[in-house]
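>>> pasting the structure only:
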């Protein structure tokens, strides 16, 4: 057994003997830094079901000697401060021929040229701004967690307004900056890569996004590799180290990235700007013409021309009749072609990223939910769902494995999603809930005289009203303390309920239930309030009151004129 095997066995022994907190930290370090093959394989197997990994995928290729060993990778990490990424290659001038070459080599699985092109394209301010709204704005939207209650409470910490929720485990393990960069790689290149690095002093690791320039795909293996400084390392998503973000699909995701259309527009825009600068450099400054009289001597002409050539700032000429200075300016409109090309490239890039151009310019800022006005709603949802899927299958299971153990990955299930609902839709949802509540109240009042009631559960399901039990079965509502009192709004609402009972619009039994629920009063108090209320009788034609018969006839002398029919005396 090699040195890595001995160190792994020794670490497992320490975990067995160490206290709980230390054991958890050592387990995380052992899993992510130099984990035993058994532990890593167990986590890979646990996440295979989540990722839907193909049963036909062969083991890593033996080409190039089978790649670097774990000892080589660990040595390189220590030598380079933990980083395995080589130095990036920056290309400062791009041509359409470079884009065509990138398309050809991408078909063979090499996306290095496409990734370098997209890194250069981010120099464009228009592209960078819209892309940051779609990715950086997305990861800062509210998050929702569901699943294991303990995990949900852990991940929700730091996302509330409570003073004791200052730290966020989710944000510390998956920093928003790294998630935004990973999402941007997925949008532009169709694929992104990151790795988990162990952190000293805590059990869970931290996500570090890597440049997709060093990714390549081997068709014969259906496997991704990463060109590290230690050699080509096979990528196994969900093994506790590697994270592969593929919103472009399972097969050839680079074919569905935006790098081809963005690359073409970026190259055309760069060249148009260079040509425009060259045009302005030659023709922006007018030509100076020195005019001398026809009879002037040659030395007089030369002296005059030298004075005009020395023309500087605030120059003044004292010219005798026959001498003159003129400026010849270009009246061509060739610069408009360059501006047209630049505008077309800007529009194409904005449409590719945002899906539209109507609300990109002059937004009110992200504070006013500008992401919903700038980026098309379905594109926000697409990016959010793709990134959430990567986190739920390759991120959260790693936290469970490092903190609770690999065996808990199947039992402790937790998933997250971003709330991308536009504010306008939220207002509509709130109005729908208010309308539903009003309908329930009125239907209850209308059906009670007929010994019928509303199927509240069916209504809740039909209109998607979120509910939960107010109290467990057998519990009673605690009565209001004798010293407590209702506030002004509660008094007004209570008076409105009493008025509805008086006019007959609300049955007494329904009013008692409403008072119990809304004001947290027990049944005895509610009955003491409602029972003494007298209900006004509903009069029908033919009823007799104090000897008079109720009729719906209008007397002949009744004044039925409308107010506007009266004349006002002067």
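Structure's in. What do you need? Just so we're clear, the structure is a prediction, and the values are computed from it rather than from any experiment.

>>> How is the residue lying closest to residue 456 once chain neighbours are set aside assigned, secondary-structure-wise?
In this structure, residue 456 finds its nearest non-sequential neighbour in residue 440, 6.8 Å apart by C-beta to C-beta, 6 or more residues apart in numbering. (C-beta placed from N, C-alpha, C; glycine too.) Following DSSP: H, G, I helix; E, B strand; the rest coil, we place residue 440 in the helix state.

>>> Now for residue 440, how many residues are close by?
Neighbours of residue 440 under the rule other C-beta atoms under 10 Å: 16.

>>> same deal with residue 253?
21.

>>> distance of the residue nearest to residue 456 from residue 295?
As judged by C-beta to C-beta, to the nearest Å, residue 440 and residue 295 stand 106 Å apart.

>>> ditto for residue 204
Counting by C-beta to C-beta, the gap from residue 204 to residue 295 is 94 Å.

>>> Give me the more crowded residue out of these two.
Regarding residue 204 and residue 295, a neighbour count based on other C-beta under 10 Å identifies residue 204 as having more, with 23 against 7.

>>> Which pLDDT value goes with the residue nearest to residue 456?
Confidence at residue 440, expressed as pLDDT, is 80.

>>> wait, doesn't it sit right on residue 453?
No: look at residue 440 against residue 453 with C-beta atoms under 8 Å: they stay out of range, at 10.4 Å.

>>> Provide the backbone phi and psi angles at the residue nearest in space to the middle of the chain.
In the chain, the residue lying closest to the centroid (C-alpha atoms, centre = their mean) is residue 138, at 1.6 Å. Phi and psi for residue 138, reported as degrees, to the nearest 10, are phi -70, psi -50.

>>> Likewise for residue 193?
Per degrees, to the nearest 10, the backbone of residue 193 is at phi -140, psi 150.

>>> go on, residue 532?
phi -70, psi -10.

>>> tally of neighbours for it?
When neighbours are counted by other C-beta under 10 Å, residue 532 registers 8.

>>> so the closest residue to residue 493 other than its chain neighbours is in which element?
Using C-beta to C-beta, 6+ apart and skipping residues adjacent in sequence, the residue nearest residue 493 is residue 518, 7.0 Å away. Here residue 518, judged by DSSP states H and E, is contained in helix 508-519.

>>> Show me what counts as buried in that helix.
Of the residues in helix 508-519, 510, 511, 512, 514, 515, 516, 519 count as buried by neighbour count, 16 or more other C-beta atoms under 10 Å.

>>> Quick check: which of the residues you listed has the minimum pLDDT.
residue 519 (74).

>>> what about that one, distance to residue 526?
Remark: distance between residue 519 and residue 526 (C-beta to C-beta) = 8 Å.

>>> show me where the stretch 451-570 of the chain has strands.
Along the stretch 451-570 of the chain, counting by DSSP state E, counting those that start in this stretch, strands occupy 544-545, 548-549.

>>> For those strands, which has the smallest mean pLDDT value?
For the strands of the stretch 451-570 of the chain, the weakest mean pLDDT is recorded on strand 544-545, namely a mean of 58.

>>> hmm, back to that, ok, the buried residues of helix 508-519 vs residue 301, which is closest?
residue 519 (104.3 Å; C-beta to C-beta).

>>> if I look at the closest residue in space to residue 413 that isn't next to it in sequence, how far off is residue 396?
Once flanking residues are discounted, residue 413 sits nearest to residue 147: 4.8 Å by C-beta to C-beta, 6+ apart. Noted for residue 147: a distance of 9 Å to residue 396, by C-beta to C-beta.

>>> Could you verify my assumption that residue 289 touches residue 326?
Yes: the criterion here is C-beta under 8 Å, and residue 289 meets it with residue 326 at 4.2 Å.

>>> okay, now residue 288: neighbour count?
13.

>>> That one belongs to a strand?
Yes: membership of residue 288 in a strand is supported by three-state DSSP.

>>> if I look at residue 510, how far off is residue 88?
Look at residue 510 and residue 88: by C-beta to C-beta, they are 71 Å apart.

>>> typo on my end, residue 256
Applying C-beta to C-beta to residue 256 and residue 88 gives a distance of 24 Å.

>>> Look at those two and report which has more neighbours.
In terms of neighbours (other C-beta under 10 Å), residue 256 is the more surrounded of residue 256 and residue 88; the figures are 15 against 12.

>>> Excluding sequence neighbours, find me the nearest residue to that one.
Leaving aside its chain neighbours, residue 256 sits nearest to residue 248 (3.8 Å; criterion: C-beta to C-beta, 6+ apart).

>>> Kindly provide the distance from that neighbour to residue 382.
11 Å.

>>> Neighbour count: those two, which is higher?
Ranked by neighbour count (other C-beta under 10 Å), residue 248 and residue 382 place residue 248 first, with 20 against 17.

>>> and that one, what is it in contact with?
Listed by C-beta atoms under 8 Å, 6 or more residues apart in numbering, the contact set of residue 248 reads 186, 189, 190, 191, 254, 255, 256, 257.

>>> I'd say the last one and residue 190 touch.
Yes: under the criterion of C-beta under 8 Å, residue 257 makes contact with residue 190 at 3.1 Å.

>>> count of neighbours near the residue nearest to residue 130 when sequence neighbours are not counted?
Take residue 130 and drop its neighbours on the chain: the residue closest to it by C-beta to C-beta, 6+ apart is residue 353, 4.6 Å away. Other residues lying near residue 353 total 26 when counted by other C-beta under 10 Å.

>>> Run through who's touching the helix or strand where residue 353 lies.
Assigned by DSSP H and E, residue 353 belongs to helix 335-354. The contact list for helix 335-354 (C-beta under 8 Å, 6+ apart) reads 124, 126-127, 130-131, 133-134, 187, 258, 261-262, 265-266, 268-269, 272-273, 275-276, 279-280, 357, 360, 374-376, 379.

>>> What average pLDDT does stretch 181-195 get?
For stretch 181-195, mean pLDDT is 96.

>>> Start and end of it, how far apart?
This stretch, stretch 181-195, spans 13 Å end to end (C-alpha to C-alpha, to the nearest Å).

>>> Lovely, talk soon.
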